[in-house]
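In: pasting the sequence and the predicted coordinates here, then a few questions.
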Amino acid sequence: MNQVRGHAVVLGASMGGLLAARTLSDFYERVTVVERDELPPDARNRKGVPQGRHLHVLLQRGAEAFERLFPGLTRELAEAGAPRSQVLREARLVLSGHELAAADTGAFLIQLTRPLLESTVRERVAALPGVKIMDGFDAVGLRVAGARVTGARIRNRRPGSAEEVVEADLVVDAMGRGGRTAAWLPLLGYQPPDEDRIKIDVTYLTRFLHLAEGTPAAGLQLLVGPVPGKPRGFGLFQQEGGRWVLTFAGMAGEVPAHGDEASHLAYAETVAPPEVLAALRAAVPVTEFVTHRFPTSVRRRYERLGAFPRGLIVFGDALCSFNPVYGQGMTVAALEAEALRDCLRAGERDLARLFFRAAAKVIDPAWQLSAAGDLALPEIPGPRPPATRIINRYVARMHRVAAHDPVVARSFARVSALLDPPRAIFAPRILARVLGSRK
Ligand SMILES: Cc1cc2nc3c(=O)[nH]c(=O)nc-3n(C[C@H](O)[C@H](O)[C@H](O)COP(=O)(O)OP(=O)(O)OC[C@H]3O[C@@H](n4cnc5c(N)ncnc54)[C@H](O)[C@@H]3O)c2cc1C
């Protein structure tokens, strides 16, 4: 039986904040979610989530966690038209310049617009007993008494509004990669966390389109990863409403060419296979291209801090914001929500320390995977100790072997889907196939 403990306040009502609120509603009598944006009544883009206009997929591991938190959600998304694809059957992967062989990976993706997922989850959270969402309010600070956070200072965004305090037994910073806790801690007399940073300098370029009538959809969904010397990725996926989302991702400062049809098609020629290019040439655009720049992956090491105020935790992208090309952020946030539930079951006393440790365990494999992938590109700056260089050589070889060996392809696809831990790529039977291959 979960104990009820008063009032929790969540700052930020995007995927991280909503997932945190879901867990907290099992433990706190009241949960208030404070969001800067005025929230739309339905699935629409909004200013506070600029990434929402770009390719989002939900990895199977994340989809399963969402389903445990919101029973029936995946069916609801399917009924709203979100397709589900089996990885390496209905969704192709091209990594290190090699297309991975078709295989039964047991991994699927849910393909949907970010606004559809967020609005569906928001509706579920808003209907939970004790949950209130206050939109149009800025979180501007914390209220503190001694070593304890006792509330959040917020201000209505209407001009001339005065600051108010929402008292709370727990405050959750889910304000995304710009999460304010790291800046607020020194004002309260605490050290800020160390940060791990990888300067990836990614620019997304996205548009939505319809395939021309008669274009067969089979085989067109794919994700192409960057390669040394060509730090650019590409994704094409069907989403709800029969629309397709087309995304280019330039890395290491590369900005995908756009501006006119000829320049983006010329850019597409450098990353997309011929049958996909043909479909793109014939496609009917639904939107113009939009861009989004993501300069740095940032992991804030709150789990390493010696002193941290009681009554406060940090969640989602505010803890760790990953290179988006790996599609991990929402899955990690859902797993953090489950980790938070397990910590709260043990009581509230040492919550921050327990949660940051548990969240670090969730983040570790995803960060290892994305950091290793980024540092495999010579264009990305960062230290590469000998172990990193050996792993990167092994992974490049694995991709080459995976082009003709479905067992190896399956292994890599499952690790990328966060279904198996990164060490699984070194399991003896995979190692033997990768190192023993003559191709
Ligand atoms: C281009 C791109 C593509 C991505 N693709 C994928 C993908 O395919 N799959 C996947 O799983 N993940 C993907 N991600 C990551 C995913 O979007 C995030 O991990 C996810 O949104 C969780 O973030 P969050 O809720 O912690 O933060 P955010 O989504 O950044 O939300 C922060 C919220 O806090 C609010 N806020 C900020 N400041 C304040 C304030 N002072 N007061 C009140 N409210 C405030 C904002 O308005 C916003 O609603 C992608 C990210 C990017 C950038």
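Out: Yep, it's here.
In: is the closest residue to Glu163 other than its chain neighbours in a helix, a strand, or coil?
Out: The spatially closest residue to Glu163, leaving aside those adjacent along the chain, is Arg155, at 4.9 Å (Cβ to Cβ, 6 or more residues apart in numbering). Just so you know, the C-beta spots here come from the backbone N, C-alpha and C atoms, and that holds for glycine as well. What DSSP: H, G, I helix; E, B strand; the rest coil gives for Arg155 is strand.
In: is it true that Arg155 touches Glu164?
Out: Yes. With contact defined as Cβ atoms under 8 Å, Arg155 reaches Glu164; the gap is 7.0 Å.
In: so which bits of the stretch 51-200 of the chain are right by the ligand?
Out: Gln51, His54, Leu55, His56, Val57, Asp138, Ala139, Ala174, Met175, Gly176 (Cβ under 6 Å from any ligand atom).
In: go again using 8 Å as the cut-off
Out: Proximity of the stretch 51-200 of the chain to the ligand, by Cβ under 8 Å from any ligand atom, involves residues 51-52, 54-59, 62, 114, 118, 137-140, 154, 174-180.
In: neighbours of the residue nearest to Glu163, how many?
Out: 15 (other Cβ atoms under 10 Å).
In: so who does it touch?
Out: Arg155 is in contact with Phe137, Asp138, Val140, Ser161, Ala162, Glu163, Glu164, counting by Cβ atoms under 8 Å, 6 or more residues apart in numbering.
In: kindly check the end-to-end length of stretch 395-411 for me.
Out: Terminal residues of stretch 395-411 lie 11 Å apart, using Cα to Cα, to the nearest Å.
In: related to what we said a few turns ago, show me which of the contacts of Arg155 are buried.
Out: Neighbour counting with 16 or more other Cβ atoms under 10 Å marks Phe137, Asp138 as buried within these.
In: mark which of the contacts of Arg155 are part of strands, please.
Out: Phe137, Asp138, Val140, Glu163, Glu164 (DSSP state E).
In: once you drop chain neighbours, what's closest to the residue in the stretch 201-350 of the chain positioned nearest to the ligand?
Out: At 2.1 Å from the ligand, Gly329 is the closest residue in the stretch 201-350 of the chain, using Cβ to the nearest ligand atom. Of all residues not flanking Gly329 in the chain, Phe322 sits nearest, at 5.6 Å (Cβ to Cβ, 6+ apart).
In: what is the burial count for that neighbour?
Out: Phe322 has 26 nearby residues by other Cβ under 10 Å.
In: coming back round to it: residue contacts, the residue of the stretch 201-350 of the chain closest to the ligand?
Out: Residues near Gly329 by Cβ under 8 Å, 6+ apart: Met15, Gly316, Asp317, Ser321, Phe322.
In: so which of those residues also contact the ligand?
Out: Counting by Cβ under 8 Å from any ligand atom, the members of the contacts of Gly329 near the ligand are Met15, Gly316, Asp317, Ser321, Phe322.
In: what score does the first one have for pLDDT?
Out: Which is Met15. Looking at Met15, its pLDDT stands at 98.
In: which non-adjacent residue is nearest it?
Out: Met330 (5.0 Å).
In: which SS class is that neighbour?
Out: Going by three-state DSSP: Met330 is helix.
In: settle this for me: it is touching Gly52, isn't it.
Out: No. Under the criterion of Cβ under 8 Å, Met330 is not in contact with Gly52, lying 11.4 Å apart.
In: quick one, phi psi at Leu112?
Out: In terms of degrees, to the nearest 10, the main-chain angles of Leu112 are phi -160, psi 160.
In: same question, Leu351
Out: Dihedral angles (degrees, to the nearest 10) for Leu351: phi -60, psi -50.
In: give me the nearest residue to it, chain neighbours excluded.
Out: Per Cβ to Cβ, 6+ apart, closest to Leu351 is Cys343, 6.0 Å.
In: thinking again about what came up before, ok, now which ones touch the residue nearest to Met15?
Out: Per Cβ under 8 Å, 6+ apart, neighbours of Met330: Met15, His56, Leu58, Gly62, Leu117.
In: in helices, which of those appear?
Out: Among those, DSSP state H puts Met15, Gly62, Leu117 in helices.
In: tell me the one of the residues you listed nearest Pro378?
Out: Closest to Pro378 out of those is Gly62 (30.8 Å), distances taken as Cβ to Cβ.
In: what separation do you get for that closest one and Met251?
Out: For Gly62, the distance to Met251 equals 23 Å [Cβ to Cβ, to the nearest Å].
In: now swap in Val298 and tell me
Out: 16 Å.
In: next one: Gly151
Out: Distance from Gly151 to Met251, by Cβ to Cβ: 41 Å.
In: in contact with Val286, which residues?
Out: Contacts of Val286 (Cβ under 8 Å, 6+ apart): Arg207, Phe208, Leu209, His210, Arg243.
In: what about Ala396, helix or strand, and which?
Out: For Ala396, the enclosing helix or strand under DSSP states H and E is helix 386-402.
In: the very next helix or strand once past that helix vs the ligand: in contact?
Out: Reading on from helix 386-402 to the C-terminus, the next helix or strand found by DSSP H and E is helix 406-416. No. Using Cβ under 8 Å from any ligand atom, helix 406-416 never reaches the ligand; the gap is at least 12.2 Å.
In: buried residues in helix 406-416?
Out: So, applying 16+ other Cβ under 10 Å, buried residues of helix 406-416: Pro406, Val408, Ala409, Arg410, Ser411, Phe412, Ala413, Arg414, Val415, Ser416.
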